[in-house]
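In: here is a sequence with its predicted model. Questions after.
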Amino acid sequence: MEDFRLRPVTTALPAVLLEARGVTVSFPRPGGGAAVVLDRVDLELRDSEILAVVGPSGSGKSTLLRILAGLLAPTHGEVRYRGQPVHGPTPGVAMVFQTFALFPWLTVLENVELGLRALGVAPEERRRRALQAIDLIGLDGFESAFPRELSGGMRQRVAFARALVVEPDVLLMDEPFSALDALTAENLRTDLLELWLRHRIPTRAMALVTHNIEEAVFLSDRVVVLGTTPARVIGEVRPELPHWRDRESPEFRSRVDEVYALLAGERQRRLVHARPLLPRLPPAPVGLVTGLVELVHDADGRVDVRELADELRLDLEDLLPAVEAAELLGFATSHDGDLVLTDSGRAFAEASVQDKKELFRQALLERVRTAQEVVQTLRRRKPPRMPAEFFLDLLERHFSAEEARRQLAVVVDWGRYAEAFAYEEATGEFSLETEEDLLGL
């Protein structure tokens with residue numbers, strides 16, 4: 001491909017097209033109080049810029065994008081488009097979602113025309129522009145096809161055509177490639193970038209939410225990193241590399257490592273300065289956590305997390321919860337993008353199957369406040385049994401209802417493995433019964 005460069009650099013900063021000022025989003029908890037998702041977020045999107053937003057799962061990235069699009073109102077703060085406050089859907093902004101969001105009873109052409117129809121564009125002009133957008137995005141010949149006849153990649157191309165046909169100033173994309181297989185995602189990603197670099201689309205700026213750090217560095221001029229809930233901007237990285245970017249170059253790898261270091265540093269800050277209330281547990285299955293510790297041990301106790309993700313064919317974002325869990329349990333620490341086993345981690349990796357359970361149990365009850373709450377509550381009961389709803393109510397004092405259920409699932413998974421307590425799915429009850437008790441011995 002040609003060696004494209006981003007739009008010419010000028011001495012004056014490009015105009016701000018879209019911005020968030022002090023945006024805070026909170027939701028009421030069933031037990032009282034509020035769950036804060038975004039906390040005083042400031043963000044600018046400038047003319048001629050591609051911006052990527054990354055952060056831990058559940059950090060509010062998609063919520064922020066919907067606020068910028070005017071689909072969700074912030075609790076506090078405001079969004080401005082070209083300097084004017086936004087109330088309702090943001091003018092000049094179009095959005096592409098992860099799930100395609102096509103109407104199955106409409107053809108490709110009819111789906112693409114929808115936005116123009118809502119704007120009151122005349123039928124002849126609507127058809128002309130829709131056909132042009134379909135051709136531009138590489139779907140010429142499929143105008144009369146229905147979504148069920150298309151592959152996932154083709155359906156997402158329809159979603160892009162529908163967004164671009166209204167000629168938006170700003171294109172917002174919420175993980176638009178994550179539902180696609182790797183090859184299809186790469187084709188669509190590079191096609192979109194080529195349209196941008198050749199000025200073949202009228203869009204003046206794009207913002208992308210992604211969990212894929214390499215994707216963010218490959219596409220964007222700026223990568224903004226959000227911390228965990230309540231999310232704040234904790235830093236940004238500017239790749240400052242010409243397109244097309246070589247993913248194997250030292251410069252590219254260095255930018256990826258910078259983004260990862262920001263995320264890793266945020267995790268370490270949370271572990272050191274944990275709040276006295278229940279901290280959020282990373283959504284990592286116990287098998288992934290224990291397997292990770294053993295893999296690091298086999299690599300002489302130190303691995304580059306990004307390289308390990310590549311080796312395991314995992315997105316880095318999918319591996320990060322297990323990294324965080326290993327740190328939380330005291331089995332490992334992070335240093336400059338590497339995961340390093342502690343003495344406890346080495347002992348765990350070298351232990352027998354039963355001894356592993358005991359070491360995991362000790363770490364769980366010493367370091368994980370939620371597990372401590374479960375066990376202490378059960379010990380105060382005679383018999384030591386409690387319904388899951390009790391602990392769910394407890395978690396909902398600290399998290400949203402949906403997140404509380406996710407947290408309960410993590411606690412059950414970790415606690416069962418450690419034999420710290422029992423959980424019976426049929427009755428929905430926690431107990432401190434031992435294996436011998438359950439067998440009636």
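Out: Nice, I can see it. Numbering: from 1, shown residues only.
In: how about the contacts made by Leu38?
Out: Leu38 makes contact with 23-25, 60, 63-64, 67, 74, 230-232, according to CB atoms under 8 Å, 6 or more residues apart in numbering. Using the backbone N, CA and C atoms, a C-beta is placed for each residue, glycine as well.
In: and those, which is closest to Arg280?
Out: In terms of CB to CB, no member of those lies closer to Arg280 than Pro230, at 10.6 Å.
In: what sits against that closest one?
Out: Residues near Pro230 by CB under 8 Å, 6+ apart: 36-39, 60.
In: that older thread, reformat the contacts of Leu38 as CSV; add distance to Val305.
Out: Output for the contacts of Leu38, formatted as CSV (distance: CB to CB, whole Å):
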residue, distance to Val305
Val23, 30
Thr24, 31
Val25, 30
Gly60, 23
Thr63, 26
Leu64, 25
Ile67, 31
Pro74, 34
Pro230, 25
Ala231, 22
Arg232, 23
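In: mind listing the strands for the stretch 201-350 of the chain?
Out: 205-209, 222-226, 233-237, 302-304, 332-335, 338-341 (DSSP state E, counting those that start in this stretch).
In: Thr377: which of those is closest?
Out: strand 332-335 (29.4 Å).
In: buried sites along the closest one?
Out: For strand 332-335, burial by neighbour count (16 or more other CB atoms under 10 Å) applies to 332-334.
In: which SS class is Gly58?
Out: Secondary structure assignment for Gly58 (DSSP: H, G, I helix; E, B strand; the rest coil): coil.
In: pretty sure it sits against Gln407.
Out: No. Using CB atoms under 8 Å, Gly58 is not in contact with Gln407, being 10.5 Å away.
In: out of the buried residues of strand 332-335, which comes closest to Ala216?
Out: Ser334 (19.7 Å).
In: excluding its backbone neighbours, what's nearest that closest one?
Out: Excluding the flanking residues, the one nearest Ser334 by CB to CB, 6 or more residues apart in numbering is Ala264, at 4.5 Å.
In: residue contacts, the one you found?
Out: By CB under 8 Å, 6+ apart, the neighbours of Ala264 are 305, 323, 334, 337.
In: likewise Asn212?
Out: Contacts of Asn212 (CB under 8 Å, 6+ apart): 177-178, 315-317.
In: distance to Glu215 and mean pLDDT added to the strands of the stretch 201-350 of the chain, as JSON lines?
Out: Rendered in JSON lines, the data for the strands of the stretch 201-350 of the chain read as follows (distance: least, CB to CB, whole Å; pLDDT from 0 to 100):
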{"stretch": "strand 205-209", "distance to Glu215": "8", "mean pLDDT": "95"}
{"stretch": "strand 222-226", "distance to Glu215": "10", "mean pLDDT": "94"}
{"stretch": "strand 233-237", "distance to Glu215": "13", "mean pLDDT": "92"}
{"stretch": "strand 302-304", "distance to Glu215": "19", "mean pLDDT": "91"}
{"stretch": "strand 332-335", "distance to Glu215": "22", "mean pLDDT": "88"}
{"stretch": "strand 338-341", "distance to Glu215": "22", "mean pLDDT": "91"}
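In: for the ones you listed, which one sits closest to Leu102?
Out: strand 205-209 (20.0 Å).
In: what helices or strands is that closest one leaning on?
Out: Contact partners of strand 205-209 among helices and strands, from 3 or more CB pairs under 8 Å, 6 or more residues apart in numbering; DSSP states H and E: strand 16-28, strand 34-46, strand 49-54, helix 61-68, strand 170-174, helix 213-219.
In: Phe328 contacts Val368, doesn't it?
Out: Careful, residue 328 is Leu and not Phe. Yes. Assessed by CB under 8 Å, Leu328 is found in contact with Val368 at 6.8 Å.
In: shared neighbours of the two, anything?
Out: Taking CB under 8 Å, 6+ apart as the criterion, Leu328 and Val368 both touch Leu281.
In: re the thing from before, can you add distance to Phe103 and give the helices and strands packed on strand 205-209 back as JSON lines?
Out: Output for the helices and strands packed on strand 205-209, formatted as JSON lines (distance: least, CB to CB, whole Å):
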{"stretch": "strand 16-28", "distance to Phe103": "27"}
{"stretch": "strand 34-46", "distance to Phe103": "29"}
{"stretch": "strand 49-54", "distance to Phe103": "28"}
{"stretch": "helix 61-68", "distance to Phe103": "20"}
{"stretch": "strand 170-174", "distance to Phe103": "19"}
{"stretch": "helix 213-219", "distance to Phe103": "28"}
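In: okay, those in JSON lines with distance to Ala299 and mean pLDDT next?
Out: Below are the helices and strands packed on strand 205-209 laid out as JSON lines (distance: least, CB to CB, whole Å; pLDDT from 0 to 100):
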{"stretch": "strand 16-28", "distance to Ala299": "41", "mean pLDDT": "90"}
{"stretch": "strand 34-46", "distance to Ala299": "37", "mean pLDDT": "89"}
{"stretch": "strand 49-54", "distance to Ala299": "26", "mean pLDDT": "95"}
{"stretch": "helix 61-68", "distance to Ala299": "31", "mean pLDDT": "90"}
{"stretch": "strand 170-174", "distance to Ala299": "35", "mean pLDDT": "95"}
{"stretch": "helix 213-219", "distance to Ala299": "21", "mean pLDDT": "92"}
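In: still on that earlier bit, so can I have JSON lines of the strands of the stretch 201-350 of the chain showing distance to Ala182?
Out: Below are the strands of the stretch 201-350 of the chain laid out as JSON lines (distance: least, CB to CB, whole Å):
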{"stretch": "strand 205-209", "distance to Ala182": "17"}
{"stretch": "strand 222-226", "distance to Ala182": "21"}
{"stretch": "strand 233-237", "distance to Ala182": "23"}
{"stretch": "strand 302-304", "distance to Ala182": "21"}
{"stretch": "strand 332-335", "distance to Ala182": "27"}
{"stretch": "strand 338-341", "distance to Ala182": "24"}
